[in-house]
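**Student:** Below are the sequence and a predicted model for it; my questions follow.
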Number of protein chains: 2
Amino acid sequence: MAPSATVDHTNGGIPHHPKTATKLKEPNGVTSRSSGDPLVLPPGTSSEQFADFISRAKAICGAENVFIVETSDQLIDGTYKEPNKTHDMHAVLDRSYFVCSATISPRNVPEVQEMMRLCNEFDIPVWPFSIGRNTGYGGAAPRVPGSICLELGKNMNRILEVNTEDAYALVEPGVTYFDLHEYLEKHNLREKVWIDVPDLGGGSIIGNTIERGVGYTPYGDHFMMHCGMEVVLPNGELIRTGMGALPDKTSGHRDGLRPDEQPGNKAWHLFNYGFGPYNDGIFTQSNLGIVVKMGIWLMPNPGGYQAYMITFPRDEDLHQVMDIIRPLRIQMVLQNVPTLRSILMDAAVHGNKKSFSNSDKPLTDAELDEIAKKLDLGRWNFYGALYGPEPIREALWSIIKKAFSAVPGAKFYFPEDRHEEYSVLRTRALTLQGIPTFDELRWVDWLPNGAHLFFSPIAKISGDDATLQYQVTKKRCDEAGLDFIGDFVVGMREMHHIVCIVFDREDPESKKKAHWLIRTLIDDCAAYGWGEYRTHLAVMDQIAGTYNFNDNAQMKLNEQIKNALDPKGVLAPGKNGVWPSTYNKKAWAIPTD
Amino acid sequence: MAPSATVDHTNGGIPHHPKTATKLKEPNGVTSRSSGDPLVLPPGTSSEQFADFISRAKAICGAENVFIVETSDQLIDGTYKEPNKTHDMHAVLDRSYFVCSATISPRNVPEVQEMMRLCNEFDIPVWPFSIGRNTGYGGAAPRVPGSICLELGKNMNRILEVNTEDAYALVEPGVTYFDLHEYLEKHNLREKVWIDVPDLGGGSIIGNTIERGVGYTPYGDHFMMHCGMEVVLPNGELIRTGMGALPDKTSGHRDGLRPDEQPGNKAWHLFNYGFGPYNDGIFTQSNLGIVVKMGIWLMPNPGGYQAYMITFPRDEDLHQVMDIIRPLRIQMVLQNVPTLRSILMDAAVHGNKKSFSNSDKPLTDAELDEIAKKLDLGRWNFYGALYGPEPIREALWSIIKKAFSAVPGAKFYFPEDRHEEYSVLRTRALTLQGIPTFDELRWVDWLPNGAHLFFSPIAKISGDDATLQYQVTKKRCDEAGLDFIGDFVVGMREMHHIVCIVFDREDPESKKKAHWLIRTLIDDCAAYGWGEYRTHLAVMDQIAGTYNFNDNAQMKLNEQIKNALDPKGVLAPGKNGVWPSTYNKKAWAIPTD
């Protein structure tokens, strides 16, 4: 049978030029390794070619910005100071599976462009990342082992503008939520504008946004709140989207400057759409471009703030609570992106499993009830915030309190009502006003050598959907011998259900269970019509396969665009299931048992 | 010199297969017309081919749904009952310039798909429209004379779902704002949900949204508020975007139904992004697909409403007013998309120019002051609304009133304060709560045989930008001998400045002036860094040419995608300046004097 990519199903039968027959890319077999070779060579690349490529890359980016991953020991022995930037730090497969051949850190936009041209010339796959904190989804690791990783954040980390009058910032890939927060603090700007932060503040603003991550203030939908991008295309070309495509000679434009150094149009970060096709979305969760600058809207200081927690005592309260949340959220009485957290998500930040139980089985309902009681929390705990001057907050709080009081045993807390040493509410009270923390991932230590995968299906905000999704996922967690740790993150009209699959990264059995669990949950949920919004490298193909309306018509479209913009398929092949026609997709299937 | 499209600049020098040399499409020369020929044949199409095509189209869509534009008389003599659907009803060029060869009205999605396949087979350009009310921007008319027009709205006009629990509607292209409004009224649903409407209610919801039109409630950004599309691609393939790509077998999916008849995923209209590249934006203002279904979010009834008008007496108040608007809007104290209208935009709905003045020159400041005084209006008049229960409205109104009271002579009105027979405020009081009207375009009768073009640059919300933009545009209106009629529509962080270029459609001189004016304004504004968000057919190329950052990098990207998805270039060639490689772009330049 002919390799599938030479049969073009993507074009509706319209005749076009056949591809020159070339071998489709497959994983390298075992090769004799030369000194200086990486642990895994890029597919189809010889030692000599790789050495040539590296020497060219050093000439472009400087030798100090090129790091070859030579041995698997480097992954853990600290030879490379930030080992998570060469592989998946929460490896659910063998640690040396999702590993790059080298990380290369360009110093500026022209070097990113040069690197894309070089990768095209050498036909070497390149996986860009900003900071590498895509935690639970693969970190900095590439989908194709042996890819070179382009680490954008190391050198390209300037806050280019913070505009409090129009309430936006313009940042480079290396700017983290912490960086921007510290900038605001240092310049006393939080009186004017707040940022929105995800659970962890150490990640890249650009990285999070283009992965369509969310935060928890009213500005929680980061893609919705982005405005204007500068993007390096797979061929090395540089574009600006939206109004950025219109050069503004009145704003300091100078002919001597590089395109990426030209000041942007004054409306670049004020109006997303520009003129003609609105392209920004195709640069999110995709392998069609590298975002090297981005505008993000800041939230005007609302003039008042109050975080709160509402606890619900019984596991089955989930149903009633969700049906209370929906109308309040759609009405924006709930102004922000609130979360409803299962007891263990909160308990696990207080201590590991051993501190609560000697059981090595999933905890029972009775045990969970006891933990909730001990911590003075509910089986479900709801975190939200009120924004605005006091009369506004009070009006909203009275509606919210009345609505949730319908749940028997519901209790209402402000941060000052909690007296435990570590309080999730006190941490959330920071997060929900855009102050980043490092605390939110503490639950990953639930198990020894804790690592995690996120399983993140989308659903309607309803008691029925939440309860069924909770039952389906909890049942499979039980089967895998894992505790259910999760929360519901409530967006504008839907909820992201985030199931935190915690496993012991030093225990092969635990890793196998986690991998089995996520694969099983994807299929279970697809059967109910639920799909995931984002995922780990190991299951991208599987999830992409569930979005298969009309014989995978959307994937065929994605492939057509991919092949047009990146004919050699060098940029992030396989990202979210989109494989270029130069790859034998089947050969890159992820090993299961 | 070789035709430009055989030299491929779009690919960054990456080698690829050269195109077979075929003649690039140019406008037809004078041909002998056969009986049954349209006024203008599709480019490169003979009478015989056209006749074949029409007979095939009749077989697909039914003879009653195929109408050939045979003579220019048909454009005006009423032979075709809706003549505006064959050409630009506000023709600024000769009425027979932007004219289609035939309008064809598919009855369902498979017929749209069949028509795309047929157009590919015959290599005939096709211009889709929903209702044809793209008024001021070309109506239903095609960019390429002689295209066939695909009229989606005639037969595909069902409201497929109105979901008040999750606050969205799912509509077909023929559903107008009036239709949806009447549905809500008929089913007593306005107690639960409101729609957002643009100035005129007769247009298509899908058509307006994919042209990125705006309305005036808090849900005024229609593209932001859309959720989930079904799209026919240029090759006839059918996709669903976002969560719609995941079939939901639990929601009534049946194997016997056509793909477009399958019920959608339950989260299709709740969550926009789905998984992988987010493609919806590339189907807006583009020629990459035909949107045949779309979800749109509805606004929950806010539980209270109050429209208001604030008048400002002096022309130069514009500066101060804009600087007051910006922080209030970004803070969402101004909850909706408010408008600041120049005096003539309001005066012109009260009467035509003759009713105010015998002058045939642009009215002077003294004359405008006098009109404002006579109508008890300001030189600038601000229309907004308050949403929510009374305490919320009162809190907001006190802030708004205090802020605008800083402008000497500002006056504040509610609808009941106005006693004239026709009141703009009373009309706006409907529009701003999502009740459509036909009144908003009354200003087009300012001149005899009034027709109009919209000139719509985007800018920062500021006194400096508004004043300069007003001065620049008013000066050119004066030079053209036309009155300035315009308003500023205030979005989230920017303003759409809408200049209404009113001309006499029976007076060739008046048309020439209007065409000169818009061409001149585009260049003037580009020099200041201002670009338009949307435009008329006649100046699409010119405006696309102003979005030329880095040697037109964005246009090269748009062309690459266009050529990949539509290799023959049959779908809406030239739309917003994006020409397929099969067209000789220069040959399609719009005639000026």
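**Tutor:** Thanks, I have it.

**Student:** quick one: contacts for A:Ile54?
**Tutor:** A:Val66, A:Ile68, A:Ala102 (Cβ atoms under 8 Å, 6 or more residues apart in numbering or on different chains). Just so you know, the C-beta spots here come from the backbone N, C-alpha and C atoms, and that holds for glycine as well.

**Student:** now with 10 Å?
**Tutor:** A:Ile54 makes contact with A:Gly36, A:Pro38, A:Ala63, A:Val66, A:Phe67, A:Ile68, A:Ser101, A:Ala102, A:Ile104, A:Phe122, A:Ile148 under the criterion Cβ atoms under 10 Å, 6 or more residues apart in numbering or on different chains.

**Student:** Neighbour-wise, give me the winner out of those.
**Tutor:** A:Ile148 (31 neighbours; other Cβ atoms under 10 Å in any protein chain shown).

**Student:** follow-up on the earlier one: B:Val570: which of the contacts of A:Ile54 is nearest?
**Tutor:** Using Cβ to Cβ, A:Phe122 comes nearest to B:Val570 of these, at 37.7 Å.

**Student:** Make sure that closest one is actually in contact with A:Ala57.
**Tutor:** Yes - counting by Cβ atoms under 10 Å, A:Phe122 does reach A:Ala57; the two are 9.4 Å apart.

**Student:** Identify the contacts common to the two.
**Tutor:** Joint contacts of A:Phe122 and A:Ala57 (Cβ under 10 Å, 6+ apart) are A:Ile148.

**Student:** returning to that earlier point: and the contacts of A:Ile54, which of them are in helices?
**Tutor:** In helices, defined here by DSSP state H, the members of the contacts of A:Ile54 are A:Phe122.

**Student:** Let me have the contacts of A:Ile54 in JSON lines, adding distance to chain B and pLDDT as columns.
**Tutor:** Converted to JSON lines, those look like this (distance: Cβ to the nearest Cβ, whole Å; pLDDT from 0 to 100):
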{"residue": "A:Gly36", "distance to chain B": "29", "pLDDT": "78"}
{"residue": "A:Pro38", "distance to chain B": "25", "pLDDT": "89"}
{"residue": "A:Ala63", "distance to chain B": "26", "pLDDT": "97"}
{"residue": "A:Val66", "distance to chain B": "23", "pLDDT": "96"}
{"residue": "A:Phe67", "distance to chain B": "27", "pLDDT": "93"}
{"residue": "A:Ile68", "distance to chain B": "26", "pLDDT": "93"}
{"residue": "A:Ser101", "distance to chain B": "22", "pLDDT": "94"}
{"residue": "A:Ala102", "distance to chain B": "23", "pLDDT": "95"}
{"residue": "A:Ile104", "distance to chain B": "19", "pLDDT": "97"}
{"residue": "A:Phe122", "distance to chain B": "13", "pLDDT": "97"}
{"residue": "A:Ile148", "distance to chain B": "18", "pLDDT": "97"}
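
**Student:** Need the contacts of A:Ile54 in JSON lines (columns: distance to A:Gly139).
**Tutor:** Shown next, in JSON lines, are those (distance: Cβ to Cβ, whole Å):
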{"residue": "A:Gly36", "distance to A:Gly139": "25"}
{"residue": "A:Pro38", "distance to A:Gly139": "18"}
{"residue": "A:Ala63", "distance to A:Gly139": "25"}
{"residue": "A:Val66", "distance to A:Gly139": "20"}
{"residue": "A:Phe67", "distance to A:Gly139": "16"}
{"residue": "A:Ile68", "distance to A:Gly139": "19"}
{"residue": "A:Ser101", "distance to A:Gly139": "16"}
{"residue": "A:Ala102", "distance to A:Gly139": "16"}
{"residue": "A:Ile104", "distance to A:Gly139": "17"}
{"residue": "A:Phe122", "distance to A:Gly139": "25"}
{"residue": "A:Ile148", "distance to A:Gly139": "16"}
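
**Student:** If A:Leu453 is in a bridge, with which residues?
**Tutor:** A:Ile501 (DSSP bridges).

**Student:** what about A:Lys354, neighbour count?
**Tutor:** Count around A:Lys354 with other Cβ under 10 Å applied: 12.

**Student:** Three-state assignment for it, please.
**Tutor:** Per DSSP: H, G, I helix; E, B strand; the rest coil, the secondary structure class of A:Lys354 is helix.

**Student:** For chain A, which helix extends over the most residues?
**Tutor:** Assigned via DSSP H, chain A shows its longest helix as helix A:508-527.

**Student:** How about that helix and chain B, any contact?
**Tutor:** Yes - Helix A:508-527 lies within reach of chain B by Cβ under 10 Å from any Cβ of the partner chain, at A:Cys525, A:Ala526, A:Ala527.

**Student:** out of these, which are buried?
**Tutor:** Among the residues of helix A:508-527 next to chain B, those buried by neighbour count (16 or more other Cβ atoms under 10 Å in any protein chain shown) are A:Cys525, A:Ala526.

**Student:** what's near enough to touch A:Met225?
**Tutor:** A:168, A:195-196, A:209, A:215, A:217-219, A:272, A:295-299, B:492.

**Student:** domain assignment for chain A?
**Tutor:** For chain A, the TED database gives the domain ranges A:47-151, A:159-246+A:263-300, A:305-541, A:547-587.

**Student:** which stretch among these comes nearest B:Tyr583?
**Tutor:** Using Cβ to Cβ, the domains of chain A put domain A:159-246+A:263-300 closest to B:Tyr583, at 16.1 Å.

**Student:** Could you give the separation between the terminal residues of that closest one?
**Tutor:** Criterion Cα to Cα, to the nearest Å; first-to-last residue distance in domain A:159-246+A:263-300 is 18 Å.

**Student:** from the middle of its chain, how far away would that domain be?
**Tutor:** Taking Cα atoms, centre = their mean, to the nearest Å, one finds domain A:159-246+A:263-300 lying 15 Å from the centre of the chain it belongs to.

**Student:** Just the pLDDT for A:Asp439.
**Tutor:** We have a pLDDT of 80 for A:Asp439.

**Student:** Isn't it up against A:Asp445?
**Tutor:** No - using Cβ under 10 Å as the test, A:Asp439 is too far from A:Asp445 to be in contact (11.6 Å).

**Student:** Those two: who's more crowded?
**Tutor:** A:Asp439 (18 against 15).

**Student:** What parts of the stretch 401-550 of chain A come near chain B?
**Tutor:** A:456-462, A:465, A:468, A:491-496, A:525-535, A:540, A:543-544, A:546-550.

**Student:** So which of those are in helices?
**Tutor:** Going by DSSP H, the helices hold A:Asp465, A:Leu468, A:Cys525, A:Ala526, A:Ala527, A:Met540, A:Ile543, A:Ala544, A:Thr546, A:Phe549, A:Asn550 from those.

**Student:** separation between the last one and A:Glu185?
**Tutor:** Noted for A:Asn550: a distance of 51 Å to A:Glu185, by Cβ to Cβ, to the nearest Å.
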